[in-house]
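Enquirer: sequence and computational prediction follow.
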Amino acid sequence: MADTRQNEEFVRLKLISMLPRLRRFAVVLAGETQAADTLLREGCERMLAECHRYRRGTPFDRWAFAELYGCWMGALREHPMPMPRGRGDGTAFLPDGASGRSADGDAARMSQMVAALSPQQRSAALLIYGEKLAYHDAAKVLDTTTQSVIARVGRALASLMNRMTTGAAVNAAAATVKQLYPESPATKQASQ
Amino acid sequence: MTELSDELLVAYVDGQLARDQSKAIKRVLDNDDVAAARVEALRATQKKLEAAFEAMLADELTALTGSTAAVQSPAFPVEPLRRPAPRQRKMGIALAACVAFALLALGVWAPYLAPVGELLPLPPSATKVAAPVVTASLPPAPKGWLADVANGHTLLARESLEVSPESQSNADLAYFQITKAISPTVIIPDLSQAGLGFRRAQVLRREGDPVAQIAYLPDAGPPVALYAKANRSKDTPFIFDDVKGIATASWTQKDVSYVLAGLMPRQKMERLAATVYDQVAAAADQPPPEAPASAAVPAAGAEPADAQIAPAEAPAATAEPASPPQQ
């Protein structure tokens, strides 16, 4: 009994210390902040209720991420229309979204591009590039194989790279048009 | 052009390939400009993605520290956290844990975590363990997350955020800032022997007075922080305490009041506090005075000479001899 209570207390404290990271993971999974908060709350409830499943010595963050991911997957399976779930809202990924401040153009573009990725790609990318997990650890969190994680991260990064390249080419073309035809309707429209 | 899949190139960029595989890829890239350019583009994308994730985390911290109307007021302007540079990315996780943990220690709850706050009730009043003859009443615990947030927010100051993360994590620059704000006798203790690496130092404010927070991280586990504020009163003995599950040690030494806080067993906290004490004393170029030393490490059943002196802000409720720190 004492061990259970001690374990619960340990999990509770660790959860609190991890809340910013867990919420970021929840936002990446859910794609928008309101659903992320719901997911985070349900995840925390589940982790506390099942804290006995946490074994000392296991990296807590991986356990917590895996539980949150399991919670999200469970909700996804039960949802009548799972496909649209997790479709990203670009504002959720803006750097200053919570504080309500405006982000610069680069950050806003990157947020839109990240939002356009699938939740699986976003979460794999976050675990690798945001949380610095090794591929096999990320695979455990996402309950999949290392190869799948490699594929998801590869597709995510390639997709972002292609969008950035395309965006840069479009911007360059627009700049050329603006330079050559400063009085064109398109230039005027863009400058308004 | 050699066909290399994006997955393979990404794994190469991430350094996740075996050495032989990496060498093979590198040989290909040396002879294939198109593939090499693609790898460079992937690297650039990866850095931007890392920066985006870091910025998201910084945003979560902003939300925790001051984005709500309840705590945001002209009297406490909150500057947006600076977007971290890519090379700081590894610090991001540590920073998040550190700030979250510090907020936990301060009893701060983010507004969006109100349901979780209710779900995760604060532990009952911590048992107070104090040095001999120290008696003081505990202030009433703030009720509700709103009060906790407001309390925690009062510690934030301009200098907490306007100093760049780079400067805060640079020990020399951080030392310069905290000695200027607190006292020339403050140091950034080297706790590497205890497995704790310095991460950053920042200046907070409590009732208008500067308070330095010097944060450390072990290889694994929660952070440890040393808080320091100017206090031109007599040196006082250690007071070991447990506040909301966080072990603390507090004392006054060389015109500075210190609080060491971290999630660790009492004995470890005692050893750590003794280490800090010794380093502060050594830095002051004076051997630790006998009286404070004996007070800090009281023999069982013995009362230190200045045991009647209560620390300026000792929040102790019950008197209980502090067990001697183990060196």
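Expert: Okay, I see it. Note that the structure is a prediction, hence the values are computed from the model and not measured. Numbering: from 1, shown residues only, chains lettered A, B, ... in the order given.
Enquirer: output the contacting helices and strands for the lengthiest helix in chain B.
Expert: As assigned by DSSP state H, the longest helix anywhere in chain B is helix B:33-66. The criterion is 3 or more CB pairs under 8 Å, 6 or more residues apart in numbering or on different chains; DSSP states H and E, and the helices and strands that helix B:33-66 contacts are helix A:2-30, helix A:105-116, helix A:146-180, helix B:6-13, helix B:19-30, helix B:89-106, helix B:144-153. The C-beta positions use only the backbone N, C-alpha and C, and glycine is treated the same way.
Enquirer: buried residues in it?
Expert: For helix B:33-66, burial by neighbour count (16 or more other CB atoms under 10 Å in any protein chain shown) applies to B:35, B:38-39, B:41-43, B:45-46, B:48-66.
Enquirer: report the mean confidence score over it.
Expert: For helix B:33-66, the mean pLDDT works out to 82.
Enquirer: what angle sits between it and helix A:2-30?
Expert: Going by axes from the mean of the first three to the mean of the last three CA atoms, to 10 degrees, helix B:33-66 is angled at 120 degrees with respect to helix A:2-30.
Enquirer: for residue A:164, which non-adjacent residue is spatially closest?
Expert: If the residues on either side of it in the chain are set aside, residue A:164 comes closest to residue B:45, at 6.1 Å by CB to CB, 6 or more residues apart in numbering or on different chains.
Enquirer: just for the stretch 1-150 of chain B, where's the confidence low?
Expert: Low-confidence segments of the stretch 1-150 of chain B (pLDDT under 70): B:1-3, B:63-148.
Enquirer: related to what we said a few turns ago, I'd guessed the residue nearest to residue A:164 sits against residue A:165; true?
Expert: No: contact between residue B:45 and residue A:165 fails when scored by CB atoms under 8 Å: they sit 9.1 Å apart.
Enquirer: from residue A:158, how far off is the residue nearest to residue A:164?
Expert: From residue B:45 across to residue A:158, the span is 8 Å (CB to CB, to the nearest Å).
Enquirer: what about the nearest residue to residue B:221 once chain neighbours are set aside, how many residues nearby?
Expert: Closest residue in space to residue B:221, ignoring its immediate chain neighbours: residue B:263 at 7.5 Å, by CB to CB, 6+ apart. Residue B:263 has 19 neighbours, counted by other CB atoms under 10 Å in any protein chain shown.
Enquirer: which residues sit in contact with residue B:263?
Expert: Residue B:263 makes contact with A:13, B:101, B:221-222, B:245-247 under the criterion CB atoms under 8 Å, 6 or more residues apart in numbering or on different chains.
Enquirer: most neighbours of all those, which one?
Expert: Of the contacts of residue B:263, with other CB under 10 Å as the count, residue B:101 tops at 25 neighbours.
Enquirer: and the stretch 151-300 of chain B, which residues reach chain A?
Expert: Neighbours of chain A within the stretch 151-300 of chain B, by CB under 8 Å from any CB of the partner chain: B:220, B:222, B:245, B:263.
Enquirer: okay, and which of those map to strands?
Expert: Using DSSP state E, no member of those sits in strands.
Enquirer: just checking, residue B:186 touches residue B:178?
Expert: Yes: between residue B:186 and residue B:178 there is a contact at 5.4 Å, judged by CB under 8 Å.
Enquirer: what sits in contact with each of these two?
Expert: By CB under 8 Å, 6+ apart, the residues touching both residue B:186 and residue B:178 are B:212, B:228.
Enquirer: bridged to residue B:250, which residues?
Expert: Beta bridges link residue B:250 to residue B:239, residue B:259 when assigned by DSSP bridges.
Enquirer: against residue B:149, how distant is it?
Expert: Taking CB to CB, one finds residue B:250 at 24 Å from residue B:149.
Enquirer: that older thread, who has more neighbours, residue B:186 and residue B:178?
Expert: residue B:186 (25 against 22).
Enquirer: quickly find the element holding the more buried one.
Expert: Residue B:186 belongs to no helix or strand when assigned by DSSP states H and E.
Enquirer: for stretch A:121-139, which positions count as buried?
Expert: Using 16+ other CB under 10 Å as the test for burial, stretch A:121-139 gives A:121-131, A:133, A:135, A:137-139.
Enquirer: among those residues, which are within reach of chain B?
Expert: By CB under 8 Å from any CB, the members of the buried residues of stretch A:121-139 lying near chain B are A:125-126, A:128-131, A:135.
Enquirer: which of the residues you listed lies closest to chain B?
Expert: residue A:130 (3.4 Å; CB to the nearest CB).
Enquirer: nearest spatial neighbour of residue B:283, chain-adjacent residues omitted?
Expert: Excluding its sequence neighbours, the residue lying closest to residue B:283 (CB to CB, 6+ apart) is residue B:187, at 4.6 Å.
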